[in-house]
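Chemist: mind folding the following:
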Amino acid sequence: MEEVKPKTSFASPESSEMKEIQEESKLFSDNSLFESFSDSTPCVFIILNENRQIVFTNNRMVELLGVKNKECLIGKMFGEALNCAYSDANEAGCGTSEFCSKCGALKTIMAAMNVVSNVGECSILTKNNVVINLRVWTTSFNIEDKKFVAFSALEIGSEKMERTLQRTFLHDIANITAGISSLTELLLRLGNTHLRFEYTKTLQEATKKLIVEIQAQSELNKILHGVFNLSVSEFSSVILLKNIIATHKILEIARDKPIVIASSAANINMTTDQNLLLRVIGNMTKNALEASNAGEEVKLNCIEYLDSVIFSVSNKKHMPKEVQLQIFKRSFSTKNADRGFGSYIMKAIGENFLKGSVYFESDGTNGTTFYIKIPKVINPAENN
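Modeler: Modelled structure (predicted):
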């Protein structure tokens, strides 16, 4: 019977037997001088065989992953070793799913196989919702007629994250203050009329939004550095959605784009961190507004499901496949450089702090809907 080969959507699904891998590993680990030199380097350093499996690694890789020793990494693919969320998305394993086609590390490794050396960047989302951002260098070489790739990497996430957060924050604050300035000019032109009263209310909402954004930035820094404590309160799901509409309808990106609550939305009493939930659904709403054209509706909804509440934000636009594959990566953005982190933050808050799940659906017929499913009642002690 003919052997059925594993299917792949990108890289080769072939893998070496462990006996062969161990023999390849000895070519490097038996050289004490080489091992000492690699352990003295400040960056991650590994050697891969022609099937992209690890045959040698230094101590920096062990420290990065928090594993017991080097030996437990031998034979693994790079993404598998890093616990990449997509390393087992395809039956053939790391490198073979459609998600892998967007992996900067894999592309750099494959390029090195053909052109000797290469450099690139990658953002790897792990199964624990941690994102590892790396700049990688690869060089191919041959020993005893066997091809190998030397792979070195440095973490670049912190610097990039701080720069992006600062620019995003300033961008949001600029939008709100521009709105406040415009409203102030209108109020100066109006007499004591009903319209003046309505504009004053809107100005008050914009000012509150500005305060919320500043507080949210402080909270966001704490979240990203793992020092945030939940502030749990009881509130209504529909009231929360109304607050989101009130603070987003005044934004420039919301002009001529109605934000509505679905008629089927359930009014559910829930107990969780309202500010964090506002942050997640607000980010979904902002993304939906940015994706929409004038006249297109953004719809908010919430339903009760067993002991959980599912909130959703829908817009008419379909996300391209290449965007869908990278949507929850830390530094990915469909906007200009130094933006991003929005969808990553939504997922990190929703899953790590609110103990729920964040996901989306997108197709050409129904557009795009982002969801957050969380418990109706959360115990803050679980986060300590």
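Chemist: and Ser233, how far is that from Ile378?
Modeler: For Ser233, the distance to Ile378 equals 11 Å [CB to CB, to the nearest Å]. Any C-beta I mention is one placed from the backbone N, CA and C, and that applies to glycine too.
Chemist: and for Tyr371?
Modeler: 17 Å.
Chemist: could you do Val323 as well?
Modeler: Where Ile378 is concerned, Val323 sits at a distance of 31 Å (CB to CB).
Chemist: and these two? Which one has more around it.
Modeler: Neighbour comparison, Val323 and Ile378: the larger count goes to Ile378, with 21 against 16 (by other CB atoms under 10 Å).
Chemist: how about that one: what's its closest non-neighbour residue?
Modeler: Thr272 (4.4 Å; CB to CB, 6 or more residues apart in numbering).
Chemist: who's in contact with the one you found?
Modeler: Thr272 makes contacts with Leu230, Val232, Leu354, Ile374, Pro375, Lys376, Val377, Ile378, as judged by CB atoms under 8 Å, 6 or more residues apart in numbering.
Chemist: drop anything exposed from these.
Modeler: Leu230, Leu354, Ile374, Pro375, Lys376, Ile378 (16 or more other CB atoms under 10 Å).
Chemist: let me know the closest of the residues you listed to Leu73.
Modeler: Leu354 (33.4 Å; CB to CB).
Chemist: so that closest one sits against Thr271, correct?
Modeler: No. Taking contacts as CB atoms under 8 Å, Leu354 lies outside contact range of Thr271: 11.4 Å.
Chemist: partners of the residue nearest to Ile378 in the sheet?
Modeler: Applying DSSP bridges to Thr272 yields these beta-bridge partners: Ser233.
Chemist: still on that earlier bit, now do the shared contacts for Leu354 and Thr271.
Modeler: Counting by CB under 8 Å, 6+ apart, the residues touching both Leu354 and Thr271 are Ile378.
Chemist: distance check, Val130 against Glu14.
Modeler: 29 Å.
Chemist: on that earlier part again, most widely separated two among the contacts of Thr272?
Modeler: Among those, Leu230 and Lys376 lie farthest apart (CB to CB), at 15.0 Å.
Chemist: pLDDT below threshold where in the stretch 51-200 of the chain?
Modeler: Confidence mapping of the stretch 51-200 of the chain against pLDDT under 70 gives the ranges 129, 157-171, 176, 179, 183, 186-188, 191-193, 199.
Chemist: would you map the strands across it?
Modeler: Applying DSSP state E, counting those that start in this stretch to the stretch 51-200 of the chain gives strands spanning 54-57, 117-125, 131-143, 146-155.
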